[in-house]
Every structure is written in C-alpha cells, then in structure tokens.
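Peer 1: with the input below, show me the fold.
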Amino acid sequence: MTTAHKALERLRQGNQRFVSGVRSREALTSQTRRSEVATGQEPFAIIVGCSDSRVPPEIVFDQGLGDLFIIRVAGNVVTPPQIGSVEFAAQRFGTRLVVVLGHSRCGAVLATLEELQQPTESQSPNLDSIVECIRPSVAALLATELKHDPDALLQQAVRANIRASVSALRLQSEILEQLLHKDGLVVAGAEYSLETGLVDFFDGVPESG
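Peer 2: Okay, here's the model as predicted:
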C-alpha cells in the first residue's frame, strides 16, 4: 500500500514533469500496461476534480493507466455519489490519498458568484444543483471588500469551494472518518493554475510519511 505521503510526492513530481514538458515513459500507454491493468487496479491516489477540459488529472500529474482513481464533476463539488465513489476506492483498493483538485478561473464557481449577485430565472434544475452546492462556501465572501475586486473574489471563492469539498469528504462519511483516524487516509485540497500548469497543495497536506 502506498502511503499518503509517498502518493503526494508522486503527484508533485509528476506535476513538475508536466510543467517542464517532460513525460515519464511509465505514463505513456502501452500494450504491456494495458495487459497489466486489465485484471485489476491499484490506484495510488483518488482525485475529485472539476470536469473542465483543461484540467485532465492524468496529464496534469503525468500518470498512466491504473495510477489514479478519478471522479470529475463541474465545480469539483462533493455530493453523496462522489463520497460513495471515494469510499469505494479507499476501501476496495486501499488508496490512502484523496485530493480535491480545483483550478483557477473555475467557471462553475464564477457562475455561482454571478447568480448570487444577479439572480436569474432558473433554466435547469440540474445546473441549479451545482450552484446550490457551491453557494454556501462562497456567499460570505460577497459580504467582504472582495465584492469590489472581481478577480480577487473569484480567486478566494475557488479556494473556499475546494476547502468545502475537502471538509465534506472528511465529515460526511463514517467510512472515510474511520480511515482518517485509524488507517492513514489523507484528504487534501489543491488548486491547478491554468496559467502556469502548477498544482498548489494548500489544505490538509501531510508533513511527513
């Protein structure tokens, strides 16, 4: 079993390769690797990420087939299906690192801020459900001076939304809570920069292995 600390280091090293434009040979798809994972998987990290087409976790972290168990949804929000998916991977595969991966200029977060400032007539209850998931984590920011600085507001809102998803995973699952306290599970928050390609792990990062 890969510890959370070692898994985090693998992600960091992979992201550095991505930023440098150098792909690992292990990350490249091959017939041998396809055969290896055809009968089973041992992902070393679970990524709860945004569906944004510019943030594919396997590429951002320079990983290959079978390395990452990925759950993607607009705004990297966490609801029961996402929690259940994380529970499944953590229990079934023994994966001990969960990363909520948000990104700069997140469209879902921006849409939520816009809706809070200028409510519109609902067009889709399904889209509304995403806004409602993000709303609690960002609404308070509109009561601060950030409301006068749209760029800074969005930056802070993106991180607040990531932290909210991290908290939901830690607090809304008895299974994950037990693994957190007794079996070395770590749930961390990170933000990918669309501008630089760097991933900043800023919430819940383990200090040592």
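
Peer 1: when you work out contacts or count neighbours from here on, use the C-alpha atoms and nothing else.
Peer 2: Noted.

Peer 1: so how far is the worst-scoring helix or strand of the chain on mean pLDDT from its chain's centroid?
Peer 2: Here the helix or strand of the chain ranked lowest by mean pLDDT, DSSP states H and E is helix 31-38, holding a mean of 85. Mean-position distance between helix 31-38 and its chain equals 26 Å (CA atoms, centre = their mean, to the nearest Å).

Peer 1: now stretch 64-74
Peer 2: 10 Å.

Peer 1: can you point out the buried residues in it?
Peer 2: For stretch 64-74, burial by neighbour count (16 or more other CA atoms under 10 Å) applies to 64-72, 74.

Peer 1: what's in contact with stretch 169-181?
Peer 2: With contacts defined as CA atoms under 8 Å, 6 or more residues apart in numbering, stretch 169-181 is touched by 78, 83, 87, 90, 185-187.

Peer 1: quick one, strands of this structure?
Peer 2: 45-49, 68-72, 97-103, 186-192, 199-203 (DSSP state E).

Peer 1: any idea which of the ones you listed gets closest to Arg34?
Peer 2: Closest approach to Arg34 among the strands of the chain is made by strand 68-72 (14.3 Å; CA to CA).

Peer 1: adding pLDDT and neighbour count, write the contacts of stretch 169-181 out as JSON lines.
Peer 2: Shown next, in JSON lines, are these (pLDDT from 0 to 100; neighbours: other CA atoms under 10 Å):
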{"residue": "Val78", "pLDDT": "97", "neighbour count": "27"}
{"residue": "Ile83", "pLDDT": "98", "neighbour count": "20"}
{"residue": "Glu87", "pLDDT": "98", "neighbour count": "20"}
{"residue": "Ala90", "pLDDT": "98", "neighbour count": "23"}
{"residue": "Leu185", "pLDDT": "97", "neighbour count": "22"}
{"residue": "Val186", "pLDDT": "97", "neighbour count": "22"}
{"residue": "Val187", "pLDDT": "98", "neighbour count": "24"}
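
Peer 1: Throw those residues into a markdown table and include distance to Asn126, thanks.
Peer 2: Shown next, in a markdown table, are the contacts of stretch 169-181 (distance: CA to CA, whole Å):
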| residue | distance to Asn126 |
| --- | --- |
| Val78 | 15 |
| Ile83 | 19 |
| Glu87 | 24 |
| Ala90 | 28 |
| Leu185 | 32 |
| Val186 | 31 |
| Val187 | 27 |
